[in-house]
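Undergrad: just the structure for this:
(chains A and B)
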Amino acid sequence: MPDTLPIVKGSLDILILKTLTWGPMHGFEITRWIEDRSAQLFAIDDSALYQSLHRMEERGWIAAEWGVTEHKRRARYYRMSATGRAQLRADSARWLQYAATLAEVLSATA
Amino acid sequence: MLRPGIPRLFRLAPWRRKAIESELHEELQFHLERRAAQFRATGMPPDLAWAEAVRRFGSLDSAEHTLKATARRREAGMRWSHIVDTVGQDTRYVIRQLARAPGFTAAVTITLALGIGANATMFGVVDRLLLRAPAHVVHPESLRRLGFDVPESGRTFTSNALSYAEYRDLRDSIPGLTFATYAFPADMALGRGTAAEKIRGQLVGGPYFELLGTKAALGRLFSRDDVAEPTGQPVAVISDGFWKRHFGGASDVLGKKLPIGQNTFTIVGVTPRYFTGTGVSTIDVWIPLVAAQGLRYDKTPNWMDNRRISWLGIITRQTGDSASLIAASVRATNVHKAFQPRDSLVVGKLTPILRRYTAKNSPDVKVARLLLYVSTFVLLIACANVANLLLARAVRRRQEMAVRLALGIDSVRLAMLLFTEAAVLAILGGAASLFVVHFGGSVVRARFLSTVTAWSESLVDRRVLVFTMIATFAVMLLIGLAPLLQARRIRLTVALKSASAGGGRRRSRAHAALVVAQVTLCVVLLIGTGLFVRSLWNVNGLRLGIDTTQVLVANVDLPSIGRADADIAAAYLGFANRVRALPGVQSATVAMATPFSSAWGAEISIPGLPKLPRVPDGGPYYNAVDEHYLTTMGTRLISGRGITAEDRATRARVVVVNQSMAQLYWPAADPVGKCVKVGGDTMPCSTVVGVMENARRQSLIEGTSLQYLVPLERSPGRDRDRVMFVRVKSDPDRMLEPVRRAMQSAAPDLPYADVRPMHSLLDAELKPWTLGSTMFSIFGLVGLALAVVGLYATLAYDVAQRSRELSVRVALGAESRQIVRLVMRGGVGLVLGGVLLGWLVALVSGRWVAELLYEVSPRDLATYGEVGVALIVVGVLATALPAWRATHVDLRAAMAAE
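TA: Numbering: from 1, shown residues only, chains lettered A, B, ... in the order given. So this is what the prediction gives:
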């Protein structure tokens, strides 16, 4: 068993969206949240994270504004928009079905 | 594809670009720091931790580069989405705010709906009466109607009506041009007996439909063969409306027969919906002129050659040389044979058929156009009112706004918010105005324009919608302006320092100006109302010499079914006998001519008067009547006697002359017993047996008219021209049907018996004044109501604003009377100012309505006075309540509010 799992292409967006259902977070908080929830198995490529964030912001799935952290530092907070929420709902259904199907096919006995 | 200019809009300003880059840098730095901190927490030395954080990030430079590009793209797009977003947010906020003040919102919406609705209704009316081209006419702008400039006694007037012979000559002399002709739409009797009905028909000649470019909606229109001389084919084309009404829109209508007059016409086609030829009034059926035996204006067999009767319009297309060709032909034929009876005709000329040229001077169009302008007054009053309400509201919310400013909302944003409120209200008003237009339009149509077809079911159509949108936008700007100016003035410190006392003076000046403007406009409107109502009174008060209120006019188109003249004369006497037996009928009379509709002239000579004095109206005109005529018509006998049964039985040569005739021909003597030679000096004397009062001949307003009566049996050659008048005891409208049935059942094969109240002959003439006075009254009352509300609201607001001052005055011992006087002085002062300004505006603008009035000066003192007094009274009443309230201001409450 490797110590981390690479993130399957295309699933980073949905992980971020899922994370943001817990409330507005800045980039680093999002990484930490995903890593914690995945028992450190998902290792997020920081560069990919920000590209995903900015891409989704451009699409209007999430919105960003500057806020202040508990350590009184300025940080860019992301929150989910209504379109993002709809996107998450559609995508998670698709991913769950994908995962279930994959599991079924792989565990099928000859 | 975006237009080349558009991307520039999306390009970011350099400073914004810098900001994006530094923000991105800051975000990434923050991330790296947190990551490094995370590593440090595991015991890593700080420099290694930082290096590890950077390494984990991957290629920082290239990532930053891509991110910057994304961010820039995003920002550019967001400027727009931001604006949309802000507007959306503001709109939602405004809607929430308005929902919380339903009374205010409803008041503003109704006010604006009335204002915009009044305008859109009048626009719709003017559009249909005047602006719109006739439906289903191809290139209506090049269609021309032929007229002749006829010089007569030093003046030139244009004659638009011609005879068939003239049409034929013109057509044959200029083969290069296409001409068509038409008679003016007339009532025709469809069917016979009890199933008979009245329809509106038009006779057309030549390639009428081809020239208009109209295509049949069903079947075909007339062919060359249908309209060919001498008798064409007995075919008919019906309108879409008649098809639906009479045949239920059934597709097997083609080939069906229409019994009209002596002929039965076969339906060959249906015209497209709303087609009304070149005019605007409803037409049910078109018939070839040559085939319309008995239906033509001239019912004689030689009608085609009769040049004396002008009853046709001639149309052609304007081409490069059509005008000169026609002029040349007219000149040539004028000299030779064709136009000989019209020696004086000199120039043939072509006038456009579009109503914006032909109808622009007709009185109802003038009134409608005037009302369109006047309705903008109502809209302006409404806007002033709403602006006032918005101002008051803005001032009430001054504290809220100051707080918002303090919280960092910029003043541009605040102004936008206020404007959004105005915009939302304007749109609400505009939307609600469509109801006003829909219902108002149907009322206007039913009351004044019932014969206009070019009018879909509702007045609301695309053109009216576009107009309403434009009006709404204008309103938006007008009412949005006040709070915008207001917002500019809100200074944080001032507003916070004194929420209710400060700035009051200045603001109430804006209020005052708006109130004065409202009163001014209102005075002008009401003066207009007064002038029109007075005109209507004057017209209605005219002694016509004929009682139009209790008299019905009845006829049956017997010539159209080819009845012999003697039979027609006898039939009418029979009708009169049947009708006299009806309960509710006081008397019935048979005559030859119908006042306001037809008149006949005959040459007379009077012994001892070698040259008869003339009057501008021409004449003298005569009517042949039975012994019941004067009593039935309500015409008074001045001296002598009327026509008697004995006169008729003996075919006595007697006449009854009217006062004008008596005074003109026998100024010094008693006319009774004098001799009049009817038909010229070769005829034997007819004895004047009586003098009757002057009665109208042709219209409500006319000059001296010379008229005389002869016994019914002394109208040789005119036996076919008969009409019956019936005087009823009660409501004439309720007697229409009994009289009609009594006539219709006189014989089984009669065409439709047409019975109308006598006053309906005057409706068209009265229309400008009824339309003017009714619409002006409505507009005036709406304006007055709005102005009263505006005045009341302003004063109530003023009192509320000054509550502290007033309470101090009361505390210092001011009496209630003094307080009331103080408050009312302000209000009444505004009204007085408005009344004076209104008088001035009305004086200046009076000349535009002068020609539409009847025997009322546009500067009628009584009207000005009444309106002034009325407004001052209303003003006093509107100020009374706020003034009374001012005396009850509670000092403690006023102070506590600080």
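
Undergrad: mind saving the C-alpha coords of stretch B:806-815 as PDB?
TA: What follows is stretch B:806-815, C-alpha atoms only, in PDB (Å, rounded to 0.1, in the frame of the first residue of the first chain):
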ATOM      1  CA  LEU B 806     -44.700  73.500  16.200                       C
ATOM      2  CA  SER B 807     -44.800  71.800  19.600                       C
ATOM      3  CA  VAL B 808     -42.400  74.400  20.900                       C
ATOM      4  CA  ARG B 809     -44.800  77.100  19.600                       C
ATOM      5  CA  VAL B 810     -47.700  75.400  21.300                       C
ATOM      6  CA  ALA B 811     -45.700  75.100  24.500                       C
ATOM      7  CA  LEU B 812     -44.900  78.800  24.300                       C
ATOM      8  CA  GLY B 813     -48.600  79.600  24.200                       C
ATOM      9  CA  ALA B 814     -49.400  79.800  20.500                       C
ATOM     10  CA  GLU B 815     -53.100  79.300  20.000                       C
END
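
Undergrad: partners of the helix or strand of chain A with the lowest mean pLDDT, with directions?
TA: Ranked by mean pLDDT, DSSP states H and E, the helix or strand of chain A with the weakest confidence is strand A:62-68, at a mean of 84. Sheet pairing here is set by DSSP bridges, and for strand A:62-68 it gives strand A:74-80 (antiparallel).

Undergrad: and the next helix or strand after the strand it pairs with, what other elements does it pack with?
TA: Once the chain leaves strand A:74-80, the next helix or strand it forms, by DSSP states H and E, is helix A:82-107. Judged by 3 or more C-beta pairs under 8 Å, 6 or more residues apart in numbering or on different chains; DSSP states H and E, helix A:82-107 is in contact with helix A:11-20. Heads up, the C-betas are built off the backbone N, CA and C, glycines and all.

Undergrad: residue contacts, the nearest residue to residue B:200 once chain neighbours are set aside?
TA: Among residues not flanking residue B:200 along the chain, residue B:284 sits closest, at 4.9 Å (C-beta to C-beta, 6 or more residues apart in numbering or on different chains). Applying C-beta atoms under 8 Å, 6 or more residues apart in numbering or on different chains to residue B:284 gives the contacts B:199-201, B:238-239, B:241-242, B:246.

Undergrad: which ones are touching the nearest residue to residue B:748 once chain neighbours are set aside?
TA: Excluding the flanking residues, the one nearest residue B:748 by C-beta to C-beta, 6+ apart is residue B:193, at 5.1 Å. Residue B:193 makes contact with B:744, B:748-750, according to C-beta under 8 Å, 6+ apart.

Undergrad: how about these, which pair is most distant?
TA: Pairwise distances across the contacts of residue B:193 peak at 10.6 Å for B:744 and B:749 (criterion: C-beta to C-beta).

Undergrad: find the closest residue to chain A in the stretch 601-750 of chain B.
TA: residue B:733 (64.5 Å; C-beta to the nearest C-beta).

Undergrad: now name the helix or strand holding that residue.
TA: Using DSSP H and E, residue B:733 sits within helix B:732-744.

Undergrad: by contact count, what packs against that helix?
TA: By 3+ C-beta pairs under 8 Å, 6+ apart, helix B:732-744 packs against strand B:551-556, helix B:565-580, strand B:723-728, strand B:753-757.

Undergrad: nearest to residue B:118, of these?
TA: Of all the helices and strands packed on helix B:732-744, the one in closest proximity to residue B:118, counting by C-beta to C-beta, is strand B:753-757 (31.1 Å).

Undergrad: between that closest one and strand B:723-728, how many degrees?
TA: Angle of strand B:753-757 versus strand B:723-728, following axes from the mean of the first three to the mean of the last three C-alpha atoms, to 10 degrees, is 50 degrees.

Undergrad: wait, what's in contact with the residue of the stretch 601-750 of chain B closest to chain A?
TA: Residue B:733 neighbours (C-beta under 8 Å, 6+ apart): residue B:757.

Undergrad: look at residue 75 and say how many residues are nearby.
TA: By default, I'm working from chain A. 19 (other C-beta atoms under 10 Å in any protein chain shown).

Undergrad: oops, wrong one, chain B.
TA: Look at residue B:75: counted by other C-beta under 10 Å, it has 19 neighbours.

Undergrad: are the helix or strand hosting it and chain A in contact anywhere?
TA: Using DSSP H and E, residue B:75 sits in helix B:60-100. Yes: for helix B:60-100, a contact with chain A is found by C-beta under 8 Å from any C-beta of the partner chain, at B:60, B:63, B:66-67, B:70-71, B:73-74, B:77, B:81.

Undergrad: turn these into JSON lines, columns for neighbour count and pLDDT.
TA: Shown next, in JSON lines, are the residues of helix B:60-100 next to chain A (neighbours: other C-beta atoms under 10 Å in any protein chain shown; pLDDT from 0 to 100):
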{"residue": "B:60", "neighbour count": "15", "pLDDT": "76"}
{"residue": "B:63", "neighbour count": "19", "pLDDT": "78"}
{"residue": "B:66", "neighbour count": "15", "pLDDT": "82"}
{"residue": "B:67", "neighbour count": "22", "pLDDT": "83"}
{"residue": "B:70", "neighbour count": "18", "pLDDT": "80"}
{"residue": "B:71", "neighbour count": "22", "pLDDT": "78"}
{"residue": "B:73", "neighbour count": "15", "pLDDT": "77"}
{"residue": "B:74", "neighbour count": "19", "pLDDT": "73"}
{"residue": "B:77", "neighbour count": "14", "pLDDT": "70"}
{"residue": "B:81", "neighbour count": "12", "pLDDT": "70"}
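
Undergrad: out of those, who's nearest residue B:221?
TA: For these, the closest approach to residue B:221 (C-beta to C-beta) belongs to residue B:81, at 57.2 Å.

Undergrad: which one is that closest one nearest to, not counting chain neighbours?
TA: Nearest non-adjacent residue to residue B:81, counting by C-beta to C-beta, 6+ apart: residue A:60, 7.2 Å away.

Undergrad: now for the one you found: which residues touch it?
TA: Applying C-beta under 8 Å, 6+ apart, the residues near residue A:60 are A:81, A:83-84, B:81.

Undergrad: about what we covered before: mind listing what's buried in the helix holding residue B:733?
TA: The neighbour-count check on helix B:732-744 (16 or more other C-beta atoms under 10 Å in any protein chain shown) flags B:732, B:735-736, B:738-740, B:742-744 as buried.

Undergrad: only C-alpha atoms, please: export it in CSV.
TA: The C-alpha trace of helix B:732-744 is given here as CSV (Å, rounded to 0.1, in the frame of the first residue of the first chain):
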residue,chain,number,x,y,z
PRO,B,732,-86.9,56.3,-28.0
ASP,B,733,-84.4,53.4,-27.8
ARG,B,734,-87.0,51.1,-26.4
MET,B,735,-89.4,52.0,-29.3
LEU,B,736,-86.9,51.2,-32.0
GLU,B,737,-87.8,47.5,-32.3
PRO,B,738,-91.6,47.8,-32.1
VAL,B,739,-91.5,50.4,-34.8
ARG,B,740,-89.2,48.3,-36.9
ARG,B,741,-91.3,45.2,-36.5
ALA,B,742,-94.5,47.1,-37.4
MET,B,743,-92.8,48.3,-40.6
GLN,B,744,-91.2,45.0,-41.5
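
Undergrad: distance between that helix and the chain's centre?
TA: On the basis of C-alpha atoms, centre = their mean, to the nearest Å, helix B:732-744 sits 32 Å off its chain's mean C-alpha point.

Undergrad: and which of the contacts of residue B:284 is nearest residue B:485?
TA: residue B:241 (53.2 Å).

Undergrad: isn't that closest one up against residue B:276?
TA: No: Residue B:241 lies out of contact with residue B:276 (C-beta atoms under 8 Å); the separation is 9.4 Å.

Undergrad: more neighbours, the two?
TA: Comparing residue B:241 with residue B:276 by other C-beta under 10 Å, the one with more neighbours is residue B:276, at 24 against 19.

Undergrad: now do the phi/psi pair for the more buried one.
TA: Backbone torsions of residue B:276, given as degrees, to the nearest 10, read phi -140, psi 30.
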